[in-house]
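>>> take this sequence and fold it.
(one chain, ligands or ions: 2)
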Amino acid sequence: MQVLRVTKEFDFEMAHALHGYDGKCANIHGHTYYLSVTVIGKPGAKEGDPKLGMVVDFSVLKMIVKEQVVDQFDHALVLKDTDPLVAGIHGFSHVIKTSYQPTCENLLIDFVSRIEEKIKAPLRLYSVCLRETNTSYASWFADDNL
Ligand SMILES: Nc1nc2c(c(=O)[nH]1)N=C([C@H](O)[C@H](O)COP(=O)(O)OP(=O)(O)OP(=O)(O)O)CN2
Ligand SMILES: [Zn+2]
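Ligands and ions are numbered 1, 2, ... in the order given. Reported below is the predicted structural model:
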C-alpha cells in the first residue's frame, strides 16, 4: 500500500501586535492568515468501509483544524500577555492573550500542538504552513522535529 500526503487549506482573519518589535508591527494590525495542514498515511483498504480509499476524510481533517485553530483564532485580537496594549483594550469581544510573542513562527508552533493532539495513529501530522502575508510564511515539518 502506498503512503500518501493529504492536505487541507484554511484561511482566517486575525489581528495582532508584536510587543517591543522595532517596527510598525508593534502596532495592532491584521492579516488574512492561510493555514495549510498536511497529514501522511495509507488510504483505507477495507471494502465496505465508508472511508475506503481515503488517508483521512477531508471533512474530518477540516473539523479538527476548525475546532482546534480556526474557530478559536478567527477575528481574534492576539496580544502577548505582557504587552501594555492589553490594559487599554476595551470593547473587543475576542482578545487572546498569549504567553508567547504572536509572531508567525510562534503561532505556528501553538497551532501544531493543538492539531497534533487530535491526530491519531496510524495517521501522522506531516507539515503545517502558516502564511501571514503574500510574501511571508513559516513552515513546520515533523521530520525536522524528531
Ligand atoms: N520572522 C518574522 N518576522 C516578522 C513577523 C513574524 O511573524 N515573523 N511579523 C511581522 C509583522 O507582523 C507582519 O507580518 C509584517 O511582515 P512583513 O512581511 O514585513 O510585511 P510587509 O507587508 O511589510 O511585507 P512586504 O515585503 O511589503 O510584502 C514582521 N516581521
Ligand atoms: Zn503582523
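
>>> show me what from this structure comes close to ligand 1.
Counting by C-beta under 6 Å from any ligand atom, the chain comes close to ligand 1 at 18, 25, 103, 104, 105, 132, 133, 134, 135, 136. All C-beta atoms are positioned from the backbone trio N, CA, C, and that covers glycine.

>>> residue 92 contacts residue 77, correct?
Yes - if you go by C-beta atoms under 8 Å, residue 92 and residue 77 touch, sitting 5.3 Å apart.

>>> neighbour count winner among these two?
Legend: neighbour count by other C-beta atoms under 10 Å for residue 92 and residue 77, higher for residue 77 (20 against 12).

>>> now for the residues of the chain next to ligand 1: which two are most distant?
18 and 134 (18.7 Å; C-beta to C-beta).

>>> would you map the strands across the protein?
Taking DSSP state E, the strands of the chain run over residues 4-16, 29-41, 76-80, 95-98, 124-133, 136-141.

>>> in the last one, which residues are buried?
Spelled out, it's strand 136-141. With burial defined by 16 or more other C-beta atoms under 10 Å, the residues of strand 136-141 counted as buried are 137, 138, 140.

>>> nearest to ligand 1, of these?
residue 138 (6.9 Å; C-beta to the nearest ligand atom).

>>> what pLDDT does residue 89 get?
For residue 89, the model assigns a pLDDT of 90.

>>> which ones are touching it?
Going by C-beta atoms under 8 Å, 6 or more residues apart in numbering, residue 89 touches 77, 79, 95.

>>> could those go into CSV alongside pLDDT?
Formatted as CSV, the contacts of residue 89 follow (pLDDT from 0 to 100):
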residue, pLDDT
77, 97
79, 97
95, 96
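
>>> residues contacting the closest residue to residue 139 other than its chain neighbours?
Here the nearest residue to residue 139 in space, its sequence neighbours aside, is residue 129; by C-beta to C-beta, 6 or more residues apart in numbering that works out to 4.5 Å. Each residue near residue 129 by C-beta under 8 Å, 6+ apart is listed here: 34, 35, 36, 108, 137, 138, 139, 140.
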